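Q: Give me the fold of what follows.
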Amino acid sequence: MREALGTVEIRSLVGAIEALDTMLKAASVQVYDFQIVGSGLVAVVVTGDVAAVQAAVESGQQAASRISEVISYNVIARPNDEVDKLVELGG
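A: Next up is the predicted model:
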């Protein structure tokens with residue numbers, strides 16, 4: 001993976017769908033993973049250039065926080081290839 005990786009973890013499927021919709025509308029990013037972790041936690045992962053991923057993650061976590069609990073969010077500018085393998089294993 002050479003692009004940035006953005007993640008938002010939410011305690012609500014509805015909140016996660018809201019976050020993902022907002023992220024895709026806010027910036028030119030692609031869905032990399034949408035994973036139901038368990039115990040109500042859902043992880044949304046997008047990729048794209050750094051600025052787009054930062055805008056998407058910020059917009060997504062704000063939208064989700066209006067209707068659910070955002071557990072965490074982060075942007076990794078250029079993840080190591082080993083990180084990419086971990087995300088693929090989880091999906």
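Q: ok now stretch 36-46, how far from the chain's centre?
A: 9 Å (Cα atoms, centre = their mean, to the nearest Å).
Q: Name the residues of that stretch that come out as buried.
A: With burial defined by 16 or more other Cβ atoms under 10 Å, the residues of stretch 36-46 counted as buried are 41, 42, 43, 44, 45, 46. Yep, even glycine has a C-beta here, placed from its N, CA and C like the rest.
Q: My read is that residue 68 contacts residue 8, right?
A: No: between residue 68 and residue 8 there is no contact under Cβ atoms under 8 Å: 10.7 Å.
Q: who has more neighbours, those two?
A: residue 8 (31 against 20; other Cβ atoms under 10 Å).
Q: Tell me which residues touch the more buried one, please.
A: The contact partners of residue 8, by Cβ atoms under 8 Å, 6 or more residues apart in numbering, come to 16, 19, 23, 43, 44, 57, 60, 61, 64, 70, 72, 73.
Q: Let me know how buried residue 13 is, in neighbour terms.
A: 14.
Q: Isn't it up against residue 36?
A: Yes: between residue 13 and residue 36 there is a contact under Cβ under 8 Å: 7.0 Å.
Q: what touches both of these two?
A: Shared contacts of residue 13 and residue 36, counting by Cβ under 8 Å, 6+ apart, come down to residue 42.
Q: Extract the C-alpha trace of the longest helix along the chain and format it as CSV.
A: For the chain, the helix that runs over the most residues, judged by DSSP state H, is helix 50-65. Taking only C-alpha atoms (Å, rounded to 0.1, in the frame of the first residue of the first chain), the coordinates of helix 50-65 have been written out as CSV:
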residue,chain,number,x,y,z
VAL,A,50,-3.1,12.0,2.4
ALA,A,51,-5.1,15.2,2.2
ALA,A,52,-8.2,13.4,0.9
VAL,A,53,-8.0,10.7,3.6
GLN,A,54,-7.5,13.4,6.4
ALA,A,55,-10.6,15.3,5.1
ALA,A,56,-12.6,12.1,4.9
VAL,A,57,-11.7,10.8,8.4
GLU,A,58,-12.4,14.2,10.0
SER,A,59,-15.8,14.4,8.3
GLY,A,60,-16.7,10.8,9.0
GLN,A,61,-15.9,10.9,12.7
GLN,A,62,-17.8,14.2,13.1
ALA,A,63,-20.9,12.7,11.3
ALA,A,64,-20.8,9.5,13.3
SER,A,65,-20.4,11.3,16.6
